[in-house]
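>>> Here is a sequence together with a model predicted from it:
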Amino acid sequence: MEGEEASAAPDSGGPSETDLPGSPQAPSEIAMVDAIPYVGQSFRSDDEAEEFYCNFARKNGFSIRRERSKGNQTHPLGVYKRELVCHRAGLNLPRKTADLKRQRNKKSSRCNCEAQMVIKKDVKSGLAQWVVVQFSNVHNHELLDSNEVRYLPAYRNISAVDRERILALSKAGCNVHLIMRALELEKGVKPGSLTFTERDLRNFLQSSKNLNEENEGAELLKVCKSMKEKNPDFRYDYTLDESNKLENIAWSYGESISAYKVFGDVVVFDTSYHLYAYNRPLGVWLGVDNHGNTIFFGCVILRDETSHSYTWALQSFMHLMNGRLPQTLFTDLDLELTDAVLREWPFTKHVFSIWHVLSKFPSWFSALTYRYEKFKSEIHRLYYLDTVEEFEHNWQHMVMEFGLMTDRHINLLFSHRASWALPYLRGSFSAGLNTIGVSMSITSFFKEFLNSKTRLKDFVEQVCLAVDFQSQAAEEAIIRQKFQTVKMKTCMPMEDNASTILTPYAFYVLQNEIVLSMQYAVFETEKDNYLVRHHLRTDGGQIVRWTPLEEEVHCSCKQFECSGVLCGHAIRVLSLKNYFFLPERYLPVRWRLESSLFPKSKGNNYRSQSLRTLATMLIQESTMTKERFSYAQAQMNKLLMYVKCMPTIDGIAFTMPVVDSTANCTAGVDCITAVDSVLSDCQPNPIVNASQANKWRKRLKKRVVTKEASEVVETVNGALAEVVETASGPLRQVDNEGD
């Protein structure tokens, strides 16, 4: 033996033991290819010899690893001998440990295979070379074919270029499966033909994160601060714990805050997401616009799922949205969250999302076995019953039928029935989100974009990306709807008129009710009260009350109060009263075409629609109480007098102080004098000559109305919006008081 022998530990650079997709041991066989190692074969270095043997092994269906090395730095030749063995050489013996901890039952691929190649350093004439001194190609296991051998750990690697691409796709929100498919398409290879597997990719992503919870919170706050500097409309709120570490954080974007002003009447707080890498619950605030598209309102990462954390989330969201509360809030069936909502938002209707409730059934009622599907169908039937009495009677019958009298989950559902069962929710506005299909689609939307294992500092950017995708999808849907021709199903003018006012999403719901109304029979029970039911039925039906002076119609089904779309029962009574168009109040601004979120035009149509939208909102908000009406009337009088005193010619800058509402009609004369003064003081426009200016003066004296049309719209819009916001804000708590 020459020199000292180094410790016989496997080289750290070689592959580790892993499960192999091989088969049981097969008879011995000798691997044969053209370039077979042989005793006496020489190489310039040990790396060259190892590379040669590695290529030989791959062609023959196995891989190699370094088993032992002899020599060390103190030896004259350094490392002078290496043993390269088959990856299945040796046996996996249990480790002896000092403690009594239970070892993991890890499978091993080693089967004591004796195939190997031993190389030794030889120095002649001052030149060193490595010579094969021993070679055996006899294996005691089955060798893999060319398609199987690539799954061995030694041949699975992710190149530097692929690593950069993977990190970029992961940051964009793509999951592991999508990243694999994207790389396969880019490289033009068949599925599963990359040099790495999904497991390798997942391990790489996990190792590249280098999670450090001590710094993640600080980095996230830096990202939020940077986004705030780039976009002043971006808002965020956070708290720190006793150790000055990030505890809770919530954020929203300018577009989301603007959307909330218009469509924040119904909000979904989805807490089904979770950041498992940090053991943090995640909440997403969502809504639906007038085209039925999902809207993102805000996001929150909490410390835990306690009532205290949920309380902070509700307070923070209200702060981000300028103190405005939704009419209805949809959440999961969570008792901690329920306590927080009842304490913080007592005037908001709290509803459990029916989809979340149903998602718990497989784990709650699995003991029903083969009767589970029948039980689920019965729950669906009870959910859509008309009255509370019917629901409670049928509920007791169902509990007895399935023997669930002592089941704690069924008792929990019944004790909170007023928060999820449709018979109890009729009359509360829900924008249609209390139906099973719509509820499922809106709560599952962001699962397509968000990766729960991402780093905290990247999460805000991923949410921003998801919001951009959502906005783009909504815009595309709106454009498609504009080019679609609405098909009329009846000859009723009511249908044709509604198609020009409502969005296609809302119109199709109303159109279905119009069609159904033609099948209803009407019976007057007393003055202005009608029983409406299907013409083939002899019992049941809905009671419709008609108030001629107010032009109001109320149906016992309460569909309009719940969805904002008039029911077929009420439409049938209006038709009986010779109404060819629905009254304005039954074409809510919430479902109209003129959305104030994304105005794309500044023409006359946009101006009139924009003002009409705000005016309708103002009427709805201001007529609720005497205080609102008085305030809105006074402010509107001032606004009207101000607008009348503004120029009517485009391109003329004009400033006029607000005219008091008590001013008499002579204010218009003062306005004419003011106009002359302003025109005299204006700098001459090189394009406009004196004769044109005189013509303007004469026209202004004949008709003193507005400034440049588009600027007038902006001024009036701002004033109207301020009136609406003021009317719906400070006086919110007295909305339900009688006049």
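Nice, I can see it. Because the structure is a prediction, the values reported are computed rather than measured.
>>> only C-alpha atoms for contact and neighbour calcs from this point on.
Will do.
>>> So what's the residue count around the nearest residue to Trp364 once chain neighbours are set aside?
In this structure, Trp364 finds its nearest non-sequential neighbour in His409, 6.7 Å apart by C-alpha to C-alpha, 6 or more residues apart in numbering. Residues near His409, counting by other C-alpha atoms under 10 Å, number 14.
>>> what do you get for Tyr370?
9.
>>> can you check the one 5 residues further on too?
Taking other C-alpha under 10 Å as the neighbour definition, Phe375 ends up with a count of 18.
>>> in the helix or strand harbouring it, what's buried?
Assigned by DSSP states H and E, Phe375 falls within helix 372-383. Using 16 or more other C-alpha atoms under 10 Å as the test for burial, helix 372-383 gives 372, 375, 379, 382-383.
>>> Now render those residues as a markdown table, adding distance to Phe365.
As requested, these are exported to a markdown table (distance: C-alpha to C-alpha, whole Å):
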| residue | distance to Phe365 |
| --- | --- |
| Tyr372 | 7 |
| Phe375 | 9 |
| Ile379 | 12 |
| Leu382 | 17 |
| Tyr383 | 17 |
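>>> Max pairwise distance over those residues: which two?
Across those, the longest distance by C-alpha to C-alpha is 16.5 Å; it joins Tyr372 and Tyr383.
>>> For Asp74, grab the count of nearby residues.
You called it Asp, but residue 74 is Thr. Thr74, neighbours per other C-alpha under 10 Å, totals 10.
>>> How about the secondary structure of it?
Assigned by DSSP: H, G, I helix; E, B strand; the rest coil, the conformation of Thr74 is coil.
>>> begin at 19 from here
Sure, I'll start counting at 19 from here, so that last one is Thr92.
>>> That one: what's it in contact with?
Neighbour list for Thr92: empty [criterion: C-alpha atoms under 8 Å, 6 or more residues apart in numbering].
>>> From Tyr98, how far out is it?
Thr92 sits 12 Å away from Tyr98, taking C-alpha to C-alpha, to the nearest Å as the criterion.
>>> phi, psi of the residue of the chain most remote from its centre?
The centre of the chain is farthest from one residue, Ser143, which by C-alpha atoms, centre = their mean lies 72.4 Å away. The phi/psi pair for Ser143 (degrees, to the nearest 10) reads phi 50, psi 40.
>>> okay, now Asn297: neighbour count?
Neighbour count for Asn297, taken as other C-alpha under 10 Å: 12.
>>> same question but for Thr366, I mixed them up
Thr366: 16 surrounding residues under other C-alpha under 10 Å.
>>> can I assume it is in contact with Phe348?
No. Taking contacts as C-alpha atoms under 8 Å, Thr366 lies outside contact range of Phe348: 10.2 Å.
>>> residues bridging contact with the two, i.e. touching both?
Listed as contacting both Thr366 and Phe348 by C-alpha under 8 Å, 6+ apart is no residue at all.
>>> how distant is the helix holding Phe393 from the center of its chain?
With C-alpha atoms, centre = their mean, to the nearest Å as the basis, helix 390-401 stands 29 Å off its chain's centre.
>>> just checking, what packs against that helix?
Contact partners of helix 390-401 among helices and strands, from 3 or more C-alpha pairs under 8 Å, 6 or more residues apart in numbering; DSSP states H and E: helix 406-420.
>>> Pull out the buried positions in the helix it packs on.
Residues of helix 406-420 classed as buried under the neighbour-count rule (16+ other C-alpha under 10 Å) are 406, 409, 412-413, 416-417.
>>> Equivalent analysis for stretch 330-347, please.
Residues of stretch 330-347 classed as buried: 330-332, 334-336, 338-339, 342-347 (neighbour count, 16+ other C-alpha under 10 Å).
>>> Nearest to Pro171 among the residues you listed?
Ala331 (46.3 Å).
>>> Can you give me every residue that contacts the closest one?
With contact set as C-alpha under 8 Å, 6+ apart, Ala331 has these partners: 268, 318, 320.
>>> Could you do Ser270 as well?
Residues counted as contacts of Ser270 (C-alpha under 8 Å, 6+ apart) are 252-254, 315-317, 338.
>>> ok, it to Tyr538 distance?
Applying C-alpha to C-alpha, the value for Ser270 to Tyr538 is 47 Å.
>>> right, and the helix or strand after the lengthiest helix in the chain?
What stands out as the longest helix in the chain, according to DSSP state H, is helix 474-501. Going down the chain from helix 474-501, the next helix or strand is helix 511-517, by DSSP H and E.
>>> Show me which residues of that next one are buried.
512-514, 516-517.
>>> Let me see the domain layout of this structure.
Per the record, the chain has its domains at 47-110+125-172, 178-227, 230-371+451-502, 375-445, 511-609, 622-752, by automatic domain parsing.
>>> could those go into JSON lines alongside mean pLDDT?
Output for the domains of the chain, formatted as JSON lines (pLDDT from 0 to 100):
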{"stretch": "domain 47-110+125-172", "mean pLDDT": "83"}
{"stretch": "domain 178-227", "mean pLDDT": "82"}
{"stretch": "domain 230-371+451-502", "mean pLDDT": "82"}
{"stretch": "domain 375-445", "mean pLDDT": "91"}
{"stretch": "domain 511-609", "mean pLDDT": "92"}
{"stretch": "domain 622-752", "mean pLDDT": "57"}
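>>> how about the strands of the stretch 169-318 of the chain, start to end?
Using DSSP state E, counting those that start in this stretch, the strands of the stretch 169-318 of the chain run over 253-258, 264-270, 284-293, 298-306, 312-319.
>>> can you put those in CSV and add distance to Trp148?
Shown next, in CSV, are these (distance: least, C-alpha to C-alpha, whole Å):
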stretch, distance to Trp148
strand 253-258, 62
strand 264-270, 58
strand 284-293, 53
strand 298-306, 56
strand 312-319, 60
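>>> So Asn110 is in contact with Arg128, correct?
Yes. Contact criterion C-alpha under 8 Å: Asn110 and Arg128 qualify, at 6.4 Å.
>>> Arg83: what secondary structure?
Applying three-state DSSP: Arg83 is strand.
>>> If I follow the layout properly, it ends up in contact with Gly108?
No. Using C-alpha under 8 Å, Arg83 makes no contact with Gly108, being 11.4 Å away.
>>> More neighbours: these two, which one.
Arg83 (23 against 15).
>>> burial measure for Asn130, as a count.
Neighbour number of Asn130 under other C-alpha under 10 Å is 16.
>>> Pull the contacting residues for it.
Contacts for Asn130 were tallied using C-alpha under 8 Å, 6+ apart; they are 106-109, 158.
>>> Among those residues, name the ones in helices.
Among the contacts of Asn130, no member falls in helices (DSSP H).
>>> Out of those residues, who's the most crowded?
If you count neighbours using other C-alpha under 10 Å, the busiest of those is Arg106, which has 23 neighbours.
>>> separation between that one and Ala172?
12 Å.
>>> ok, now Lys205?
For Lys205, the distance to Ala172 - C-alpha to C-alpha - is 22 Å.
>>> Please confirm that Leu351 is located within a helix.
No. In this structure, Leu351 is coil, not part of a helix, as judged by three-state DSSP.
>>> excluding its backbone neighbours, what's nearest it?
Nearest non-adjacent residue to Leu351 (C-alpha to C-alpha, 6+ apart): Phe370, at 5.6 Å.
>>> Could you tell me how many residues sit around that neighbour?
Count around Phe370 with other C-alpha under 10 Å applied: 22.
>>> Could you do Gly282 as well?
Gly282 has 25 neighbouring residues, counting by other C-alpha under 10 Å.
>>> Which stretch among the strands of the stretch 169-318 of the chain is buried most, on average?
strand 312-319 (a mean of 25; mean count of other C-alpha atoms under 10 Å).
>>> what packs against it?
Applying 3+ C-alpha pairs under 8 Å, 6+ apart, one finds that strand 312-319 makes contact with strand 264-270, helix 272-281, strand 298-306, helix 474-501.
>>> Cool, thanks, signing off.
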